[in-house]
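Colleague: missing the sequence, but the structure's below:
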C-alpha cells in the first residue's frame, strides 16, 4: 500500500481546478455496443417527435444495421449536474430495451463558473464543448457527491422516446 | 511507475452503476484481446453486486430478506454472504458503530454460511455503506482474471489501484465546486466521503450530530476503506482502533 499525500496546507491554498476525462467518441461507443453492425444510419428526430417530456430537444438516432436487419439504436445525450457535465451514449436493443450505457465525456467545472449562465450556455453546441480541456491529465476524483441521477433520468427519457418512435414506425 | 494521463497506455471506461459513475482503467496490451472484454467483465461484476445487494431492487437478497417473517430464512448469493460477514465483523469491532441494520437491532438478522435468517420483526438491512467498496474489490478481481496486471476501479470516490499504476486523486469542493489535489495512490484502496445535510453518503448515527465533514480512508481492500469512512465520520476519530485491524489509515478534512 503506497500513498503520497499532498501537504494539507498546499491543498487548502490550491485554487480549485477543472477536470475532464474523454472516454469514447460516438463512433467508438456505437462500435463497442454493436460490434456486428455493418453501418449506422443517422436519423434526425424533431423535438416533438415521440416526445414524452416537456424539455425534450431534437435528437439524433444512430440505427445499427447489418444487411437489411436492424440490430438496435444508439442515442448520444448530455446532462448537466451541480458541478459536472456528462456526455453519454445509450445503446438500445431492437425491442427498445437498454443494451448498454457508456460515458463518453466527463467534465467537472471550476465551481465558480457553474453558477454563471454563460458556463452552461457553452455546452449548448457540441463543438464549443471541446474548449474545456483543463486538467485532462488528472486521473480520479473523490469525495464527490457524484450522483448519476441525471444520467439515469436521461436514459429513462430516451427509452420512452425510442419506444414511441418505434411504435409509430418512424425508425423504419 | 505510471502516472495516469489523458494519453498513454491506459484504456479508461465509465458507466453509471451503483447510483454513481464507475470508472475502470486498464493498461492496453495486458488483457486478452483489446481490453474491452476485461472492462466489460469488471462492470458486470459490479452490476452483479448491485443486483444482489441493492435495497431498491425488489429481487435483491436484501429486498427478499425484508419480506421474511421472523424465523424464516433465504439462501443468499455468496457475495452477499461475504458482505454480511464483513459487516458483522466490523459491527463487533466498532462496538456497534458500523451497523447495516441502521439501528433496527444488530441481532435482528443472522447469516450462517449463505443462509440469511430474520430474527426480529423490525430488522432492516442496508448494505449501502459497505457494498460499493466490495463491488470495487470484485471488479479488480475480474480485471486480474482477464489478464490485467495493473489498473484501477473508481466507484464515485471508492477507488482501488493495483499493480504498478499510480493514480493521482482529486477531492471535490462540495460547497463551491472544483477539485483540489489530495493524494497519489498505488497498490491500495482509498475511499472518501463527504457527510453533510446535502450528501448522498449517510452514516447511521451521524445525523444526530449534524456535523459536516469529509473523511478519507486508505486500506488494502476497498470494502474496508468504504465501510471505515462511516466509522470515522460517526465517531470523529481518525485513529479508531478498527482501522489498525484492517490495515487502514484515515484523514478527517
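Modeller: Yes, it's here. Given the structure is predicted, the values throughout are model-derived calculations rather than measurements.
Colleague: What are the boundaries of the strands in the stretch 101-250 of chain B?
Modeller: B:109-112, B:115-118, B:151-155, B:158-162, B:165-172, B:179-186, B:188-195, B:213-219, B:249-252 (DSSP state E, counting those that start in this stretch).
Colleague: Contacts for the last one next, please.
Modeller: Outside strand B:249-252, the residues within contact range by Cβ atoms under 8 Å, 6 or more residues apart in numbering or on different chains are A:3, A:5, B:213-219, B:228-229, B:232, B:236, B:238-240, B:243. For the C-beta atoms, the positions are set from N, CA and C on the backbone; glycine is no exception.
Colleague: How about the helix ranked longest in chain A and chain B, any contact?
Modeller: Of all the segments of type helix in chain A, defined by DSSP state H, the longest one is helix A:149-167. Yes. Counting by Cβ under 8 Å from any Cβ of the partner chain, chain B has neighbours in helix A:149-167: A:149, A:151-152, A:155.
Colleague: Just want the phi and psi numbers for residue A:62.
Modeller: phi -100, psi 110 (degrees, to the nearest 10).
Colleague: So it is in contact with residue A:26, correct?
Modeller: Yes. In terms of Cβ atoms under 8 Å, residue A:62 counts as a neighbour of residue A:26; the distance is 7.5 Å.
Colleague: What is the longest helix of chain A packed up against?
Modeller: Contact here means 3 or more Cβ pairs under 8 Å, 6 or more residues apart in numbering or on different chains; DSSP states H and E; on that basis helix A:149-167 packs against strand A:59-66, strand A:69-80, strand A:84-93, strand A:98-108, strand B:10-17.
Colleague: mind listing what's buried in that helix?
Modeller: A:150-151, A:154-155, A:157-163, A:165-166 (16 or more other Cβ atoms under 10 Å in any protein chain shown).
Colleague: And the contacts of that helix?
Modeller: Outside helix A:149-167, the residues touching it (Cβ under 8 Å, 6+ apart) are A:45, A:49-53, A:56, A:59, A:61, A:73, A:75, A:77, A:79-81, A:86, A:88, A:90, A:92, A:96-98, A:101, A:103, A:171, B:16, B:19, B:21.
Colleague: Report the mean per-residue pLDDT for it.
Modeller: Helix A:149-167 comes out with an average pLDDT of 88.
Colleague: what do you get for stretch A:90-107?
Modeller: Stretch A:90-107 shows a mean pLDDT of 92.
Colleague: What of stretch B:71-79?
Modeller: On average, stretch B:71-79 scores 97.
Colleague: what does it rub up against?
Modeller: Defining contact as Cβ under 8 Å, 6+ apart, one finds that stretch B:71-79 is touched by B:48-49, B:52-53, B:61, B:64-65, B:68, B:84, B:111, B:114-119, B:134, B:138.
Colleague: any idea how far it is from the chain center?
Modeller: How far stretch B:71-79 lies from its chain's middle: 21 Å, per Cα atoms, centre = their mean, to the nearest Å.
Colleague: what's the distance between residue B:112 and residue B:86?
Modeller: Between residue B:112 and residue B:86 the distance, using Cβ to Cβ, to the nearest Å, works out to 15 Å.
Colleague: which of these two has more neighbours?
Modeller: residue B:86 (22 against 10; other Cβ atoms under 10 Å in any protein chain shown).
Colleague: Now the more buried one. Nearest residue, chain neighbours left out?
Modeller: residue B:223 (5.8 Å; Cβ to Cβ, 6 or more residues apart in numbering or on different chains).
Colleague: Touching, that neighbour and residue B:138? I think so.
Modeller: No. Using Cβ under 8 Å, residue B:223 is not in contact with residue B:138; the gap is 9.3 Å.
Colleague: between the two, which one's more packed in?
Modeller: For residue B:223 versus residue B:138, the count of surrounding residues by other Cβ under 10 Å is larger for residue B:223: 28 against 20.
Colleague: Contact partners for that one?
Modeller: Going by Cβ under 8 Å, 6+ apart, the list of residues near residue B:223 reads B:83, B:86, B:130, B:133-134, B:136-137.
Colleague: before we move on, back to that, make a markdown table out of the helices and strands packed on helix A:149-167 and add distance to residue B:152 and mean neighbour count.
Modeller: Output for the helices and strands packed on helix A:149-167, formatted as a markdown table (distance: least, Cβ to Cβ, whole Å; neighbours: other Cβ atoms under 10 Å in any protein chain shown):
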| stretch | distance to residue B:152 | mean neighbour count |
| --- | --- | --- |
| strand A:59-66 | 30 | 19 |
| strand A:69-80 | 25 | 20 |
| strand A:84-93 | 20 | 23 |
| strand A:98-108 | 15 | 21 |
| strand B:10-17 | 9 | 22 |
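Colleague: Let's have these in TSV, adding distance to residue B:98.
Modeller: Shown next, in TSV, are these (distance: least, Cβ to Cβ, whole Å):
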stretch	distance to residue B:98
strand A:59-66	46
strand A:69-80	34
strand A:84-93	30
strand A:98-108	30
strand B:10-17	24
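Colleague: Residue B:38 is nearest to which of those?
Modeller: Residue B:38 lies closest to strand B:10-17 among the helices and strands packed on helix A:149-167, at 8.8 Å (Cβ to Cβ).
Colleague: quick one, that closest one and strand A:98-108 angle?
Modeller: For strand B:10-17 against strand A:98-108, the angle by axes from the mean of the first three to the mean of the last three Cα atoms, to 10 degrees is 110 degrees.
Colleague: So is strand B:10-17 next to chain A?
Modeller: Yes. Using Cβ under 8 Å from any Cβ, strand B:10-17 reaches chain A at B:12-16.
Colleague: Specify the next element, helix or strand, located C-terminal of that strand.
Modeller: Sequence-wise, the next helix or strand downstream of strand B:10-17 (DSSP states H and E) is strand B:20-27.
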